[in-house]
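J.: Sequence and predicted structure below; questions after.
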Amino acid sequence: MNGLAKMDLEAAPGTDACVAMIKYPPGVTGGEAVFVPRTGATVEDDGYLVVYVYDSKADMSYMNIYNALTMSPTPVASLRMPRRVPYGFHGTWVTEEQLKKQVMWV
(Lines give C-alpha, C1' and ligand atoms only; values in the text may rest on other atoms or scores of the structure.)
Protein backbone atom coordinates (compact mmCIF):
# COMPACT_ATOMS: atom_id res chain seq x y z
CA MET A 1 0.00 0.00 0.00
CA ASN A 2 1.27 3.47 -0.76
CA GLY A 3 -0.61 5.25 2.03
CA LEU A 4 -3.40 5.25 4.59
CA ALA A 5 -7.01 6.35 4.17
CA LYS A 6 -9.44 7.42 6.89
CA MET A 7 -12.99 6.42 6.01
CA ASP A 8 -16.31 7.67 7.39
CA LEU A 9 -18.36 4.48 7.49
CA GLU A 10 -21.49 6.50 8.23
CA ALA A 11 -21.14 8.77 5.19
CA ALA A 12 -24.31 9.23 3.17
CA PRO A 13 -24.63 6.97 0.13
CA GLY A 14 -23.19 8.61 -2.97
CA THR A 15 -20.78 10.81 -1.00
CA ASP A 16 -17.02 10.40 -0.68
CA ALA A 17 -16.43 8.36 2.48
CA CYS A 18 -12.68 9.07 2.39
CA VAL A 19 -12.19 11.98 4.81
CA ALA A 20 -8.35 12.05 4.97
CA MET A 21 -5.30 10.40 3.46
CA ILE A 22 -1.63 9.96 4.26
CA LYS A 23 0.39 9.31 1.10
CA TYR A 24 3.81 7.77 1.54
CA PRO A 25 6.76 9.27 -0.34
CA PRO A 26 7.82 7.65 -3.64
CA GLY A 27 9.46 4.27 -3.05
CA VAL A 28 7.80 3.80 0.36
CA THR A 29 5.12 1.16 0.90
CA GLY A 30 3.34 0.11 4.05
CA GLY A 31 1.47 -2.78 5.55
CA GLU A 32 -1.44 -3.18 7.91
CA ALA A 33 -2.02 -0.22 10.24
CA VAL A 34 -3.06 -0.89 13.84
CA PHE A 35 -5.11 1.74 15.72
CA VAL A 36 -4.03 2.50 19.29
CA PRO A 37 -6.43 4.79 21.22
CA ARG A 38 -4.89 7.77 23.00
CA THR A 39 -5.24 7.63 26.79
CA GLY A 40 -8.10 9.97 27.74
CA ALA A 41 -9.52 10.12 24.21
CA THR A 42 -13.12 11.31 23.93
CA VAL A 43 -13.69 10.76 20.20
CA GLU A 44 -13.37 7.51 18.27
CA ASP A 45 -10.43 8.49 16.07
CA ASP A 46 -8.29 10.15 18.76
CA GLY A 47 -5.28 7.89 18.79
CA TYR A 48 -2.40 6.61 16.74
CA LEU A 49 -1.90 4.47 13.65
CA VAL A 50 1.11 2.17 13.98
CA VAL A 51 2.37 0.78 10.68
CA TYR A 52 5.49 -0.87 9.29
CA VAL A 53 6.75 0.82 6.13
CA TYR A 54 9.52 -0.17 3.75
CA ASP A 55 11.67 2.41 1.95
CA SER A 56 12.93 0.64 -1.17
CA LYS A 57 15.40 3.43 -2.01
CA ALA A 58 17.14 3.14 1.38
CA ASP A 59 16.40 -0.61 1.72
CA MET A 60 15.19 0.08 5.29
CA SER A 61 12.07 -0.75 7.28
CA TYR A 62 10.52 1.60 9.82
CA MET A 63 7.71 1.50 12.35
CA ASN A 64 5.87 4.76 11.80
CA ILE A 65 3.35 6.16 14.25
CA TYR A 66 0.82 8.64 12.86
CA ASN A 67 -1.76 10.86 14.58
CA ALA A 68 -5.07 9.23 13.57
CA LEU A 69 -7.10 12.31 14.51
CA THR A 70 -5.22 14.82 12.33
CA MET A 71 -3.89 12.33 9.75
CA SER A 72 -0.76 14.46 9.41
CA PRO A 73 1.62 12.91 6.85
CA THR A 74 4.52 13.58 9.24
CA PRO A 75 4.83 10.68 11.68
CA VAL A 76 4.68 11.38 15.42
CA ALA A 77 7.59 8.93 15.61
CA SER A 78 9.57 6.83 13.14
CA LEU A 79 11.63 3.93 14.45
CA ARG A 80 14.20 2.31 12.17
CA MET A 81 14.02 -1.47 12.35
CA PRO A 82 17.27 -3.44 12.68
CA ARG A 83 16.34 -5.53 9.62
CA ARG A 84 13.74 -5.54 6.87
CA VAL A 85 10.18 -6.27 7.98
CA PRO A 86 8.51 -8.44 5.31
CA TYR A 87 5.33 -7.45 3.50
CA GLY A 88 2.29 -9.02 5.09
CA PHE A 89 3.61 -8.79 8.65
CA HIS A 90 0.52 -8.45 10.86
CA GLY A 91 -0.04 -6.76 14.19
CA THR A 92 -1.61 -8.60 17.10
CA TRP A 93 -2.13 -7.25 20.60
CA VAL A 94 -2.13 -9.73 23.47
CA THR A 95 -1.94 -9.47 27.23
CA GLU A 96 1.06 -10.79 29.15
CA GLU A 97 -1.11 -13.67 30.38
CA GLN A 98 -2.14 -14.61 26.84
CA LEU A 99 1.48 -14.52 25.74
CA LYS A 100 2.59 -16.76 28.61
CA LYS A 101 -0.01 -19.35 27.56
CA GLN A 102 1.62 -19.50 24.11
CA VAL A 103 5.17 -20.18 25.34
CA MET A 104 4.82 -23.92 24.79
CA TRP A 105 4.11 -23.26 21.09
CA VAL A 106 7.25 -21.21 20.47
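T.: Right, received. Where do you want to start? Note that the structure is a prediction, hence the values are computed from the model and not measured.

J.: measure Thr29 to Asp45 for me?
T.: When distance is defined by CB to CB, to the nearest Å, Thr29 is 23 Å away from Asp45. Any C-beta I mention is one placed from the backbone N, CA and C, and that applies to glycine too.

J.: So if I had to pick from those two, which one is more boxed in?
T.: Higher neighbour count among Thr29 and Asp45: Asp45, with 18 against 14, using other CB atoms under 10 Å.

J.: That one contacts Ala68, doesn't it?
T.: Yes. Using CB atoms under 8 Å, Asp45 is in contact with Ala68, at 5.2 Å.

J.: Find the residues that touch each one of these two.
T.: Common contact partners of Asp45 and Ala68 (CB atoms under 8 Å, 6 or more residues apart in numbering): Lys6.

J.: which residues touch stretch 95-106?
T.: Stretch 95-106 is contacted by residues Val94 when judged by CB under 8 Å, 6+ apart.

J.: Now it: buried residues?
T.: By neighbour count with 16 or more other CB atoms under 10 Å, stretch 95-106 contains no buried residues.

J.: Any idea how far that stretch is from the middle of the chain?
T.: Here stretch 95-106 is found 24 Å from its chain centre; the criterion is CA atoms, centre = their mean, to the nearest Å.

J.: Alright, calling it a day.
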